[in-house]
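In: pasting the structure only:
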């Protein structure tokens, strides 16, 4: 290519030496070592493909097929493919996976009653533990892991955490469960206002804070507003997002604007199920509500007045509403305790002009499930209007928050959108 090449004759006495290069690796790999290393790399490669394309049980089987000394490295490289955790397959199968040093790992959850745990299996040669179970496709449940039969922890691999009245739990939502939009704060819709006050009860001899929700636009527009009273009221705001739910449903014309009264207990067990239950009822109907009715434009029509509660708060809602149907014509009891006196009074009394909303979780407190189902049977036999649901959920504010819209829409339909499905069954 235009470059001149100078030719030089080689002297006769010059010998040509082979160049010598020092190699940093051995000139040969023993066949046994080569095959072992190749087998490991091939196994990891195949498993990485299978982690995405095969079911979990096949993945475990093939991982166990590796030499025990190679399993930890393979598991570490493959765990990122097992996301998110819990790993859900086929809409109903859930695989819980824990990575860490432990003598044992277990699972307690809504589905186990939070007492006896479900043991995890251990993959020998690794620090990987796993447990597989099946749940309904629309379930939402909470759980914790139990390490060494003693220490309960949140699942470190699961970012979904729900905080309720008793603390925080890990949460998993099955594929058909839809997170309700109303539980979130929406900046683009009108919002009601919250007013704080304190009420004294002569019947109970104590004071308590009470929070009042007034819908957007109050007091203009309506001569009077429906009203709903929530027992465990402050937790309905902090743990159930009730004010967000009211804002959303009203703004979307799914329910009529209402005034809400949030009443917390002072001595919860005594007031809701114990010796002070009658005094608490008198406080509500004779002291609190007359003041609310005087201060705010509330409807006096029992058919536009509701009382609601969860668990023992549902118990006192039932007790108060049934005893004072002239005050409250609608009762919502979610995952409710139902004391025998309530069932007895409801069975023995003539049918009253009351509508009911009752529900429970299929993983609810075991003692409550027959109580609520028995209450449903009484309502059916007596010919009451009621709506009843069993949700694939537990005894949790996550359950009640996710389903509060049902009694609100049922009791207070937006004008022109009257709900005719009050006797809905699950």
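Out: Structure's in. What do you need? Here the structure is a predicted model, which is why all the values come from computation and not from measurement.
In: list the buried ones in stretch 63-75?
Out: 63, 66, 70-71, 74-75 (16 or more other CB atoms under 10 Å). To be clear about C-beta, it is placed using only N, CA and C from the backbone, and glycine gets the same treatment.
In: how far off centre is stretch 241-250?
Out: 18 Å (CA atoms, centre = their mean, to the nearest Å).
In: pull the number of nearby residues for residue 104.
Out: Each residue near residue 104 was counted by other CB atoms under 10 Å, and the total is 14.
In: for it, grab phi and psi.
Out: phi -160, psi 150 (degrees, to the nearest 10).
In: then residue 409?
Out: Per-residue torsions, residue 409: phi -70, psi -40 (degrees, to the nearest 10).
In: would you list the phi and psi of residue 345?
Out: Dihedral angles of residue 345 (phi, psi; degrees, to the nearest 10) stand at phi -60, psi -40.
In: quick check: closest non-adjacent residue to it.
Out: residue 322 (6.0 Å; CB to CB, 6 or more residues apart in numbering).
In: just checking, the one you found touches residue 344?
Out: No. In this structure residue 322 lies outside contact range of residue 344 using CB atoms under 8 Å: 10.6 Å.
In: more crowded one of those two?
Out: residue 322 (18 against 11).
In: and that one, what does it touch?
Out: 331, 342, 345-346, 349, 352, 354 (CB atoms under 8 Å, 6 or more residues apart in numbering).
In: change it to 7 Å
Out: By CB atoms under 7 Å, 6 or more residues apart in numbering, the contact list for residue 322 reads 342, 345-346.
In: what's the closest non-adjacent residue to residue 69?
Out: Here the residue nearest residue 69, using CB to CB, 6+ apart, is residue 125, at 6.7 Å.
In: equivalent analysis for residue 384, please.
Out: Going by CB to CB, 6+ apart, residue 384 has residue 356 as its nearest residue, at 6.0 Å.
In: ok, residue 136 next?
Out: residue 392 (4.2 Å).
In: which element is the residue nearest to residue 384 on?
Out: strand 355-363 (DSSP states H and E).
In: same deal with residue 262?
Out: Short version, using DSSP H and E: residue 262 is in strand 259-263.
In: C-terminal to that strand, what's the next element?
Out: As the chain continues past strand 259-263, the following element, by DSSP H and E, is helix 268-273.
In: same question for that next one, mean pLDDT?
Out: The average of the pLDDT scores along helix 268-273 is 98.
In: buried residues in the helix or strand following it?
Out: Sequence-wise, the next helix or strand downstream of helix 268-273 (DSSP H and E) is helix 277-282. Neighbour-count burial for helix 277-282 flags 277, 279-282 (criterion: 16+ other CB under 10 Å).
In: what lies in contact with helix 277-282?
Out: Counting by CB under 7 Å, 6+ apart, 203-204, 271, 316, 319-320, 323 sit against helix 277-282.
In: mind redoing it with 10 Å?
Out: Contacts with helix 277-282, where a contact means CB atoms under 10 Å, 6 or more residues apart in numbering, come from 201-205, 231, 263, 265-272, 274, 276, 288, 312, 315-316, 319-321, 323-324, 327, 339, 341.
In: same for the next helix or strand after it, what does it pack against?
Out: Downstream of helix 277-282, the first helix or strand assigned by DSSP H and E is helix 289-295. For helix 289-295, the packing partners by 3 or more CB pairs under 10 Å, 6 or more residues apart in numbering; DSSP states H and E come out as strand 193-201, strand 206-214, strand 227-231, strand 259-263, strand 305-310.
In: switch to 8 Å and redo it
Out: Applying 3 or more CB pairs under 8 Å, 6 or more residues apart in numbering; DSSP states H and E, one finds that helix 289-295 contacts strand 259-263.
In: thought the residue nearest to residue 384 was touching residue 379?
Out: Yes. The pair residue 356 / residue 379 is scored as a contact, 5.8 Å apart, by CB under 8 Å.
In: separation between residue 400 and residue 307?
Out: According to CB to CB, to the nearest Å, residue 400 and residue 307 sit 15 Å apart.
In: which stretches in the stretch 301-426 of the chain count as strands?
Out: Ranges of strands in the stretch 301-426 of the chain, per DSSP state E, counting those that start in this stretch, are 305-310, 330-334, 355-363, 385-394.
In: out of the ones you listed, nearest to residue 88?
Out: For the strands of the stretch 301-426 of the chain, proximity to residue 88 was assessed by CB to CB; strand 385-394 is nearest, at 14.0 Å.
In: and the angle from the closest one to strand 355-363?
Out: Counting by axes from the mean of the first three to the mean of the last three CA atoms, to 10 degrees, strand 385-394 points 20 degrees away from the direction of strand 355-363.
In: distance between strand 385-394 and the chain's centre?
Out: Distance, centroid of strand 385-394 to centroid of chain: 15 Å (CA atoms, centre = their mean).
In: show me what the mean pLDDT comes to for it.
Out: Here the average pLDDT along strand 385-394 is 98.
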